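*Asks:* Build the 3D model from these lines:
(chains A and B)
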Amino acid sequence: MMRLLLPAVAGLILGGIVHLVTLLAVPVIATKDAYSRLDALGADKSFVQIPRGNASPLPRLDPAFLHFVCRYDATLTPVAIHVPVAEDYLSISFHSRDGAAYFSLNDRSQLAGVIDAEIRTGAVEQDTPLAATTILVTTPTPTGFVIVRAFVPLPSMEPAIRAGLSEARCQPASGG
Amino acid sequence: MRLILDLLIVTLIAAGVGLGLTAYAIEHPPELDVLRSGSWLAFPSSGTAGIDAYRLAALAHNGEVPLAIGDGIAFTAGRDDAGAKLRANCSYLVAGPMPNLRAWTVSVETLRGQLIDNPAGRHAFTSAEVLRTADRAVAIAVSPEPQPGNWLPTSGDEATQIVLRFYDTTVGALSGGRAVPQLPSVTRTGCR
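*Replies:* As a prediction, the model looks like this:
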């Protein structure tokens, strides 16, 4: 039995390494992560409402909110985010490709009823000037997604809140 | 021959242990950064760029999106205050003072995150619509039986959890600088 001790110990140590490597690989290779699940919504370069309730491709969203999502690719050009804000609570969260939330804004950051932000990669961040009313967001990964969460205080307010957000934009920044 | 056998043993153990641990950890991520208040649990760092590798892997596997920390924080109760797991065929009362915030919600879901269909289409109560008692506390019944006042309907007999989401706040602001805020109690009032 002593003969097997060395291979067993070596196996356990190597197993620990395998565990760490595969754990770190999961967000990279997962085929049903949040970013991939948005394929079916066609939420590239524009905000699309995520279906409410159990029809949502993303589980565990707050049922009392409307959610709009946009996948971005800031590799070549920065991405301009434009979100109109009404009276009720609204937030914009920025997620990297692996789903981690790296930044968020809420309606307290509005100027004259809108929030304007521009997503840039670190490479272009310094190069081009930005309008004074636009919030600079530096993305850690070239691709990612933005979620707008709009609070629906009473169910009857849903149509008005949805209509207000039909003006939300998520597109390549013009003029850069 | 002996070397080949040893290498085979090493490889099998490494693959079994390594992949097994990863598969287990994705379903049951270790609670590395947890806030507890009564029956309620929250994972504040999961809404930050500093999310730990276990929780990030679990989120990616489930296709979930975390609530950003600057947005708000979600507390989840999978057990009542007596320590028993919540089930859809039992009735619970979520009662106590709520922090005075612009927006909070209470909802109920299965452990897999599915909402429970009901004829009223009621899946959550918000800070704006909930009926309050005189001292501004709330009492929300989570129950398969119709209840007076604030009623979150359930059905079936699956294991459930109650989710309390606070918006436009931080844990520090909620608790007045203490580590964890005082949250409502979760009491079982009966089972079908």
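*Asks:* Can you check what pLDDT the model gives the residue nearest to residue B:149 when sequence neighbours are not counted?
*Replies:* Using CB to CB, 6 or more residues apart in numbering or on different chains and skipping the chain neighbours, the partner closest in space to residue B:149 is residue B:131 (5.6 Å). C-betas here are computed from N, CA, C, even on glycine. At residue B:131, the model reports a pLDDT of 91.
*Asks:* Over to the one 5 residues further on?
*Replies:* The predicted structure scores residue B:136 at 78 on the pLDDT scale.
*Asks:* Quick one: low-confidence residue ranges for chain B.
*Replies:* Scanning chain B for pLDDT under 70 picks out B:172-179.
*Asks:* Could you pick out the longest helix of it?
*Replies:* helix B:2-27 (DSSP state H).
*Asks:* pretty sure the residue nearest to residue B:149 is touching residue B:148, no?
*Replies:* No: Residue B:131 sits out of contact with residue B:148 when judged by CB atoms under 8 Å, with a separation of 9.6 Å.
*Asks:* quick one: which of those two has more around it?
*Replies:* residue B:131 (11 against 7; other CB atoms under 10 Å in any protein chain shown).
*Asks:* longest single helix anywhere in chain A?
*Replies:* helix A:2-29.
*Asks:* which SS state does the closest residue to residue B:141 other than its chain neighbours fall under?
*Replies:* Excluding its sequence neighbours, the residue lying closest to residue B:141 (CB to CB, 6+ apart) is residue B:147, at 3.8 Å. Look at residue B:147: counting by DSSP: H, G, I helix; E, B strand; the rest coil, its state is coil.
*Asks:* For residue B:147, give me phi and psi.
*Replies:* phi -130, psi 150 (degrees, to the nearest 10).
*Asks:* how near is it to residue B:159?
*Replies:* 21 Å (CB to CB, to the nearest Å).
*Asks:* How about residue A:104?
*Replies:* 31 Å.
*Asks:* same deal with residue B:169?
*Replies:* Counting by CB to CB, the gap from residue B:169 to residue B:159 is 29 Å.
*Asks:* Between those two, which is the more surrounded one?
*Replies:* Just comparing residue B:169 and residue B:159: by other CB under 10 Å the higher neighbour count belongs to residue B:169, 19 against 12.
*Asks:* what's the helix or strand for the more buried one?
*Replies:* Under DSSP states H and E, no helix or strand contains residue B:169.
*Asks:* Please look at it and residue B:72 and confirm they touch.
*Replies:* Yes: the pair residue B:169 / residue B:72 is scored as a contact, 6.4 Å apart, by CB under 8 Å.
*Asks:* Which neighbours do the two have in common?
*Replies:* Shared contacts of residue B:169 and residue B:72 (CB atoms under 8 Å, 6 or more residues apart in numbering or on different chains): none.
*Asks:* Need the residue closest to the centroid of chain B.
*Replies:* Among the residues of chain B, the one closest to the centroid is residue B:76, at 2.4 Å (CA atoms, centre = their mean).
*Asks:* Run through the residues that contact that residue.
*Replies:* B:40-42, B:161-164 are the contacts of residue B:76 under CB under 8 Å, 6+ apart.
*Asks:* Which helix or strand contains it?
*Replies:* strand B:72-77.
*Asks:* tell me which residues in the helix or strand just after that strand are buried?
*Replies:* Per DSSP H and E, the first helix or strand lying C-terminal to strand B:72-77 is strand B:90-97. Buried residues in strand B:90-97, counted by 16 or more other CB atoms under 10 Å in any protein chain shown: B:90-95.
*Asks:* farthest pair in these?
*Replies:* Largest separation among the buried residues of strand B:90-97 by CB to CB: B:90 and B:95, giving 15.6 Å.
*Asks:* Please report how far residue A:80 lies from chain B.
*Replies:* Using CB to the nearest CB, to the nearest Å, we find residue A:80 at a distance of 20 Å from chain B.
*Asks:* Leaving out sequence neighbours, find the closest residue to that residue.
*Replies:* residue A:173 is the one closest to residue A:80 (CB to CB, 6+ apart), at 4.2 Å.
*Asks:* How about residue B:114?
*Replies:* residue A:54 (5.6 Å).
*Asks:* now that neighbour: how far from residue B:62?
*Replies:* According to CB to CB, residue A:54 and residue B:62 sit 14 Å apart.
*Asks:* the more surrounded of the two?
*Replies:* With neighbours defined as other CB under 10 Å, residue A:54 and residue B:62 compare such that residue B:62 has more, 20 against 15.
*Asks:* and that one, what does it touch?
*Replies:* A:59, B:113.
*Asks:* ok, what's across the strand from residue B:165?
*Replies:* residue B:74, residue B:105 (DSSP bridges).
*Asks:* Could you count how many residues lie near it?
*Replies:* Close neighbours of residue B:165, defined as other CB under 10 Å, add up to 22.
*Asks:* Over to residue B:157?
*Replies:* The tally of other residues near residue B:157 (other CB under 10 Å) stands at 13.
*Asks:* which SS class is it?
*Replies:* coil.
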